[in-house]
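Predicted structure and sequence below. I'll ask about it afterward.
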Amino acid sequence: MSVEGGVLLGNFTIRSVDNRGFTPEEIAESAVDKIIYVGTDSHPLVREQAQAYKDRIRVLLVAYFKEVIASHNTTLANRLREAGHPELIKLLEI
């Protein structure tokens with residue numbers, strides 16, 4: 001019996017922002033880059049179709065991420081109100 005091991009590093013990207021969190025658009029871009037790979041050596045028609053699919057997924061992710069933010073802000077607003085700090089709710093407005 002033998003065991004072999006190793007580490008496959010692959011490609012990775014580091015993204016950063018200053019004095020803010022990532023936007024839904026930035027997160028969606030990172031996500032679609034991980035979910036869908038469009039090969040440069042692919043047939044042009046296949047590559048075009050894959051890119052169109054990737055673009056559509058990006059749009060959907062941005063929309064859903066914005067819904068998540070709004071829902072979470074609603075939860076935070078309710079908790080602030082219940083804790084007696086309704087004046088802090090305006091900090092959640094974008």
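Thanks, I have the structure now. Numbers count the residues shown, from 1 in each chain.

Could you check the pLDDT of the residue most central in space within the chain?
Among the residues of the chain, the one closest to the centroid is residue 27, at 2.7 Å (C-alpha atoms, centre = their mean). As predicted, residue 27 sits at a pLDDT of 96.

which residues of the chain fall in helices?
Along the chain, counting by DSSP state H, helices occupy 24-35, 44-82.

Indicate which one of those helices is closest to residue 89.
Residue 89 lies closest to helix 44-82 among the helices of the chain, at 4.6 Å (C-beta to C-beta). Quick note: C-beta positions are derived from backbone N, CA and C, even for glycine.

what's the angle from that closest one to helix 24-35?
Relative orientation of helix 44-82 and helix 24-35, computed by axes from the mean of the first three to the mean of the last three C-alpha atoms, to 10 degrees: 130 degrees.

in helix 44-82, what counts as buried?
58, 61, 62, 65, 77, 80 (16 or more other C-beta atoms under 10 Å).

I figured the third one hits residue 30, correct?
No: in this structure, residue 62 is not within contact of residue 30 by C-beta atoms under 8 Å, at 11.8 Å.

Angles on the backbone of residue 40, please.
Dihedral angles of residue 40 (phi, psi; degrees, to the nearest 10) stand at phi -70, psi -20.

same check, this time on residue 39
phi -70, psi 140.

Kindly provide the distance from it to residue 54.
12 Å (C-beta to C-beta, to the nearest Å).

joint contacts of these two?
Common contact partners of residue 39 and residue 54 (C-beta atoms under 8 Å, 6 or more residues apart in numbering): none.

of all the buried residues of helix 44-82, which comes closest to residue 18?
In terms of C-beta to C-beta, no member of those lies closer to residue 18 than residue 65, at 20.5 Å.

In contact with the closest one, which residues are there?
Residues in contact with residue 65 (C-beta under 8 Å, 6+ apart) are 24, 27, 28.

Check the burial of the first one by counting its neighbours.
Going back to what we said before, that points to residue 24. Counted with other C-beta atoms under 10 Å, residues neighbouring residue 24 total 16.

can you tell me which residues contact it?
Going by C-beta under 8 Å, 6+ apart, residue 24 touches 61, 62, 65, 66, 69.
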